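Undergrad: Please find the sequence and the predicted model below.
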Amino acid sequence: MVTIQEETAVKMRSLLASLTVFYQKTHVYHWDLVGRSFNQLHAFFEELYNEAVKNTDAVAERLRQANIRTNLSLTEAVRLSGVEDDVSAESDEEMVTDLIRSLAILTTLQTEIFMEANDANDYVTADLMTQLTKQADFNSWFLTSWKENR
């Protein structure tokens with residue numbers, strides 16, 4: 001049986017919640033996007049929310065491997081999330097800025113989980129966090145590059 005330390009499991013539930021809110025935020029931005037960068041960002045936002053679905057599944061399945069139930073309603077996701085449940089950004093630049101900020105929150109949480117898991121010799125969880133952070137770093141770089149090259 002897989003063992004995940006209790007404090008790490010709490011953070012993983014927060015990560016699951018944060019990814020859930022990030023998914024919803026990105027999907028709403030995908031729907032509401034307007035402006036001259038519509039085609040490029042519309043497609044990229046779709047990639048982001050599809051990736052978020054895969055990432056939530058990976059985190060939830062890792063918790064279940066340790067026999068930890070997710071029990072995550074939407075209300076609970078908003079309560080536990082480090083990513084703000086706010087989709088008020090209207091312009092493409094505001095949306096991109098918000099997503100960069102959200103990715104930084106995800107990366108910080110993933111790094112904390114990585115450190116705890118690595119210290120506990122839970123290398124599978126640590127590796128999962130490495131892979132998630134790799135994706136978040138790339139996505140943040142892409143969005144930051146988009147802002148710088150407008």
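TA: Arrived safely, thanks for sending.
Undergrad: Secondary structure element for the closest residue to residue 59 other than its chain neighbours, which one?
TA: Spatial nearest neighbour of residue 59, chain neighbours left out: residue 16 (4.8 Å); criterion: Cβ to Cβ, 6 or more residues apart in numbering. Any C-beta I mention is one placed from the backbone N, CA and C, and that applies to glycine too. Assigned by DSSP states H and E, residue 16 falls within helix 6-32.
Undergrad: separation between the residue positioned nearest the centre of the chain and residue 48?
TA: Centroid-nearest residue in the chain, with Cα atoms, centre = their mean: residue 19, separated by 3.7 Å. Distance, residue 19 to residue 48, using Cβ to Cβ, to the nearest Å: 11 Å.
Undergrad: my read: the residue nearest to residue 59 touches residue 73, true?
TA: No: in this structure residue 16 lies outside contact range of residue 73 using Cβ atoms under 8 Å: 11.8 Å.
Undergrad: okay, those two: which has more neighbours?
TA: Neighbours were counted for residue 16 and for residue 73 using other Cβ atoms under 10 Å; residue 16 has more, 23 against 11.
Undergrad: ok, that one - contacts?
TA: Contacts here follow Cβ atoms under 8 Å, 6 or more residues apart in numbering; on that basis residue 16 touches 56, 59, 60, 63, 70, 72, 77, 80.
Undergrad: ranking these by neighbours, who comes first?
TA: Neighbour-wise, the contacts of residue 16 (other Cβ under 10 Å) top out at residue 59, 25 neighbours.
Undergrad: Need the three-state assignment for that residue.
TA: helix (DSSP: H, G, I helix; E, B strand; the rest coil).
Undergrad: Look at residue 7 and report its pLDDT.
TA: What the model reports for residue 7 is a pLDDT of 93.
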